[in-house]
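Novice: For reference, the sequence and a predicted model appear below.
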Number of protein chains: 2
Amino acid sequence: MADKYTSLVSRGWGRDVAKRLGLPQPVELRRYRPGEAILSGPALLIGSGPAAEAIASALSSWGIEARREGAADAAAPRAADDGARSPKLGAIVLVLDGIERPEDLSAPLLAAGRALRSLAPSGRVITLSRRASTQDEPSLGAARQGVEGALRSLARELRAGATGNGILLAEDVPVDAPSVLGALRFLLSGRSAFVDGQFLTVGTSAGGLPADPDRPLEGKVAVVTGAARNIGAAIAKTLARDGAKVIAVDIPAAGESLAQVANDVRGTALQLDITRRDAGERILEHALGRHGRLDVVVHNAGITRDKLLANMDAAKWDSVIDVNIAAQLRINEALLASEHFGDRAHIVSVSSTSGIAGNRGQTNYAASKAGVIGMVRSTAARLAARGGTANAVAPGFIETEMTARMPFATREVARRLNSLQQGGRPQDVAEAIAFLASDGASGISGNVLRVCGQNWMGQ
Amino acid sequence: MADKYTSLVSRGWGRDVAKRLGLPQPVELRRYRPGEAILSGPALLIGSGPAAEAIASALSSWGIEARREGAADAAAPRAADDGARSPKLGAIVLVLDGIERPEDLSAPLLAAGRALRSLAPSGRVITLSRRASTQDEPSLGAARQGVEGALRSLARELRAGATGNGILLAEDVPVDAPSVLGALRFLLSGRSAFVDGQFLTVGTSAGGLPADPDRPLEGKVAVVTGAARNIGAAIAKTLARDGAKVIAVDIPAAGESLAQVANDVRGTALQLDITRRDAGERILEHALGRHGRLDVVVHNAGITRDKLLANMDAAKWDSVIDVNIAAQLRINEALLASEHFGDRAHIVSVSSTSGIAGNRGQTNYAASKAGVIGMVRSTAARLAARGGTANAVAPGFIETEMTARMPFATREVARRLNSLQQGGRPQDVAEAIAFLASDGASGISGNVLRVCGQNWMGQ
């Protein structure tokens, strides 16, 4: 495998193409392990004022040395000099909540640029800024939206597993709101290994940080559909690792694998076809009967029935819609109708980059996964009054049994077409879900978080 | 050029990669010429009810034969049979404004699928549906958002220059509102040759269709910045062709080319550095003094100063921000402060797919072009009260003098990474701008219309 690949990309036109496509040596990503330090090195904090102070003290409280570089002294290339003498930077954090005009981006971004060579492998660049609104003055809207263009470009320039992501704050959310700090911690840590070029929007100040940051789901009961294998099994294990009691749901045919997963996570198994009309009631019955509560629902179960639309039949189309979106809608409706669910509940659905960008041969699948995005946004509005959230994750190319069966060349190309030049792992999707399922993310709702290594495919 | 390319993609691993990347034979796109028929063949209209009736009569009034296929008889593969016997379909139009649940997408999409083999080269697939809102019931929001996933996938399956695009209607906009019909006509015609996989949102019922559809800008005065060359010159010529009196603006150094363009379009030339603090006032003075009015402003002037952020200096960063966004903000501010501008005015700014997706080596450029998007959204809100609009177009890979100077392999790959497997032409960008500058697009504001052939690069 390496031979063919290496020979193609090591000379002539193939090399040029490879360079343009960004195909070369991907690195092993830093991934989260409970108890480990959040970062391997200090964080450079760019920005000044109370917001930067608040972030500095949050970093300190997490055991991260925060080095300060006020945007004001951007002319002095201090950071780069520091980097040459001392441990590599674990992260660069830009506090940009005070920008008012596009011109204000210059000093902090150039300061970040000077520090980039000091960034450690699997380092992080994170922006904190305010979400652009149509109500902004045009210059303010331009400055705020400008952050997204700069960050997404910057993320494409990072190498060696480093990522760039941003946090967008709604107008009235303070920079030290629990979910802002929760998002920052998630993005700094190895939990976000395969999240790149993305923005999390914090819409409210709701929520609180967990007592034990390694057990953010302690005391919660979580149901995971499609839990017997692949990404679903990883989700079950990750939620359990984070402290949740997990109800693993899958179709009866998955029986043995399902029992194994439930056993591994010391949870319970529920054999259930989620397309049954009473699936929501049965989940609730199981949760209340066996565990006395239900806090988190992860809609992971999904199928593909790929065909070009010209060759698609109704059976393929309808089964994908039924499993991937209609079942989720019915289950949510049943849950939200219950008095036993909804107060501070977290729903997380698995969408797909195909639901955002579309994908050849997947009209039905993309319709269902775009549908998940529409559902999540509407459901978020409904849950807000009860302190609950609904979010989606949109995985890109994830290494699973399914992708392992793809033809070699297709897989090899597909897994490289992102800024991290590799496929993600089921674990990476699971970490994003676990974060969105936690009370530390209570201010985040209606978001679609891509877990795609900044996959090229977009709208 | 064809030899190297052909040999690489015609065998072994290279062929597999090419197939996966979708690199093969691009076709010449159907492009608009005044006086020509909108479509080369009949349109298949999928959907029923008053909305479909309204679209059918609009098509007829444009000289397009509208064949009907009610979504109800989706089981009968009538369209495909018809296609085999009769002229190829110029378009397939799906009227989906009545969908309520994700399941409702099945019949119309499968009907479209059966008709795809009958679609002519450079044919069109167009959806009309309602924009998803957080206020929708979850199942309605899912259905509406689902259209986007299905259409974007479908667009990736089309070949031979055919495109797929959609129109999203706000809740209270009737399907026969002027801007809906204006958008439909634009998307059907060769004006939208390089627009693919995109959605236009019609937010209001404002506007009216032009008396002469080949002269939609008759009687309007339009200013175009950066008009001396490339895309700017194409914009000037296209607006003039559509009936506008054009003020061609460029820097004094562009003098001769600028005079040539102004002469070609029978307009006037204004030598002006748009970064001057009084640029807006000078534009207004010229427009009112020479032409007595100003209706349309096209912010096209822009520069690149590409460098990886680690190597970026303040001069490069600041000059790009100043020309590409700060100047536009200042000019708009001056114009909007004037009583002589703003009533039914149309502002169109040139953004870039880099401003949406980010691009390696273009942190400054992407910040400025994302800034344009933020500016346009805020400005749209301000102009709404006066019946004006502000929109952006985001070109992808366009064949210009600039891209002609790119290294061969880089250019060859970049121009293929979209569903149409080719670069666009300056004319394609100009057509989108001309549409957004017309009163037929008065219900469309705050949109960002990509002109990118469904370029892969996205958020």
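Specialist: Now that the structure is in, tell me what you want to look at. Numbering: from 1, shown residues only, chains lettered A, B, ... in the order given.
Novice: tally of neighbours for the closest residue to chain B within chain A?
Specialist: Nearest residue of chain A to chain B: A:Gly458, at 1.3 Å (Cβ to the nearest Cβ). C-betas here are computed from N, CA, C, even on glycine. If you count neighbours by other Cβ atoms under 10 Å in any protein chain shown, A:Gly458 ends up with 23.
Novice: longest strand in chain A, by residue count?
Specialist: Selection of the longest strand in chain A by residue count, based on DSSP state E, yields strand A:119-130.
Novice: What's the separation between the nearest residue to A:Leu449 once chain neighbours are set aside and B:Arg405?
Specialist: The shortest distance from A:Leu449 to any non-neighbouring residue, by Cβ to Cβ, 6 or more residues apart in numbering or on different chains, is to A:Val393 (5.1 Å). A:Val393 is 41 Å from B:Arg405, where distance means Cβ to Cβ, to the nearest Å.
Novice: More neighbours: which of these two?
Specialist: Taking neighbours as other Cβ under 10 Å, A:Val393 and B:Arg405 compare with A:Val393 leading, 30 against 8.
Novice: hang on, the more buried one is in a strand, isn't it?
Specialist: Yes - under DSSP: H, G, I helix; E, B strand; the rest coil, A:Val393 sits within a strand.
Novice: who's in contact with the residue nearest to A:Leu449?
Specialist: By Cβ atoms under 8 Å, 6 or more residues apart in numbering or on different chains, the contact list for A:Val393 reads A:348-351, A:429, A:432-433, A:436, A:448-451.
Novice: Closest one of these to A:Arg377?
Specialist: Of all these, A:Val448 has the smallest distance to A:Arg377: 8.3 Å, by Cβ to Cβ.
Novice: and the contacts of A:Val393 as TSV, adding pLDDT and neighbour count?
Specialist: Listed next are the contacts of A:Val393 as TSV, based on pLDDT from 0 to 100; neighbours: other Cβ atoms under 10 Å in any protein chain shown:
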residue	pLDDT	neighbour count
A:Val348	98	28
A:Ser349	98	29
A:Val350	98	27
A:Ser351	98	31
A:Val429	98	29
A:Ala432	98	32
A:Ile433	98	31
A:Leu436	98	29
A:Val448	98	20
A:Leu449	98	28
A:Arg450	98	26
A:Val451	98	27
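Novice: From those residues, which land in helices?
Specialist: Residues from these lying in helices, with DSSP state H as the criterion: A:429, A:432-433, A:436.
Novice: Just to be sure, A:Ala366 is in a helix?
Specialist: Yes - the assignment for A:Ala366 by three-state DSSP puts it in a helix.
Novice: mind listing the helices for the stretch 101-250 of chain A?
Specialist: Assigned by DSSP state H, counting those that start in this stretch, the helices in the stretch 101-250 of chain A fall at A:106-115, A:138-157, A:178-188, A:230-241.
Novice: Between the ones you listed, which one is closest to B:Ser442.
Specialist: Closest approach to B:Ser442 among these is made by helix A:138-157 (19.9 Å; Cβ to Cβ).
Novice: That closest one: which residues count as buried?
Specialist: Within helix A:138-157, the residues scored as buried using 16 or more other Cβ atoms under 10 Å in any protein chain shown are A:138-157.
Novice: any residue of it up close to chain B?
Specialist: Yes - counting by Cβ under 8 Å from any Cβ of the partner chain, chain B is contacted by helix A:138-157 at A:138-157.
Novice: and the angle for that helix with helix A:106-115?
Specialist: 10 degrees (axes from the mean of the first three to the mean of the last three Cα atoms, to 10 degrees).
Novice: Send over helix A:138-157 as PDB, restricted to the C-alpha atoms.
Specialist: What follows is helix A:138-157, C-alpha atoms only, in PDB (Å, rounded to 0.1, in the frame of the first residue of the first chain):
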ATOM      1  CA  PRO A 138     -21.800  46.500   9.200                       C
ATOM      2  CA  SER A 139     -18.300  47.100  10.300                       C
ATOM      3  CA  LEU A 140     -18.900  45.000  13.500                       C
ATOM      4  CA  GLY A 141     -20.600  42.200  11.500                       C
ATOM      5  CA  ALA A 142     -17.700  42.200   9.100                       C
ATOM      6  CA  ALA A 143     -15.100  42.000  11.900                       C
ATOM      7  CA  ARG A 144     -16.900  39.200  13.600                       C
ATOM      8  CA  GLN A 145     -17.500  37.200  10.400                       C
ATOM      9  CA  GLY A 146     -13.900  37.900   9.400                       C
ATOM     10  CA  VAL A 147     -12.800  35.700  12.300                       C
ATOM     11  CA  GLU A 148     -14.300  32.700  10.700                       C
ATOM     12  CA  GLY A 149     -12.400  33.200   7.400                       C
ATOM     13  CA  ALA A 150      -9.200  33.800   9.200                       C
ATOM     14  CA  LEU A 151      -9.500  30.800  11.500                       C
ATOM     15  CA  ARG A 152     -10.600  28.400   8.800                       C
ATOM     16  CA  SER A 153      -7.600  29.400   6.700                       C
ATOM     17  CA  LEU A 154      -5.300  29.200   9.600                       C
ATOM     18  CA  ALA A 155      -6.500  25.700  10.400                       C
ATOM     19  CA  ARG A 156      -5.600  24.700   6.900                       C
ATOM     20  CA  GLU A 157      -2.100  25.800   7.500                       C
END
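Novice: For A:Leu140, which residues are in contact?
Specialist: A:100-101, A:132, B:378.
Novice: And these, which of them are buried?
Specialist: By 16+ other Cβ under 10 Å, those give A:101, A:132, B:378 as buried.
Novice: Now render those residues as a markdown table, adding distance to B:Ile247 and pLDDT.
Specialist: Below are the buried ones among the contacts of A:Leu140 laid out as a markdown table (distance: Cβ to Cβ, whole Å; pLDDT from 0 to 100):
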| residue | distance to B:Ile247 | pLDDT |
| --- | --- | --- |
| A:Arg101 | 27 | 98 |
| A:Ala132 | 30 | 97 |
| B:Ser378 | 25 | 98 |
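Novice: Save the residues you listed as a markdown table, and put in distance to B:Leu188 too.
Specialist: Formatted as a markdown table, the buried ones among the contacts of A:Leu140 follow (distance: Cβ to Cβ, whole Å):
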| residue | distance to B:Leu188 |
| --- | --- |
| A:Arg101 | 41 |
| A:Ala132 | 33 |
| B:Ser378 | 31 |
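Novice: Closest to B:Gln271 out of these?
Specialist: Using Cβ to Cβ, these come closest to B:Gln271 at A:Arg101, 27.2 Å.
Novice: pretty sure that closest one contacts A:Ala143?
Specialist: Yes - A:Arg101 lies in contact with A:Ala143 (Cβ atoms under 8 Å); the separation is 5.4 Å.
Novice: Kindly state the domain boundaries assigned to chain A.
Specialist: Structural domains annotated on chain A: A:39-202, A:221-451, as defined by automatic domain parsing.
Novice: so which of those comes closest to B:Asn300?
Specialist: B:Asn300 lies closest, by Cβ to Cβ, to one member of these: domain A:39-202, at 16.8 Å.
Novice: The closest one: end-to-end distance?
Specialist: Across its full length, domain A:39-202 reaches 23 Å between end residues, using Cα to Cα, to the nearest Å.
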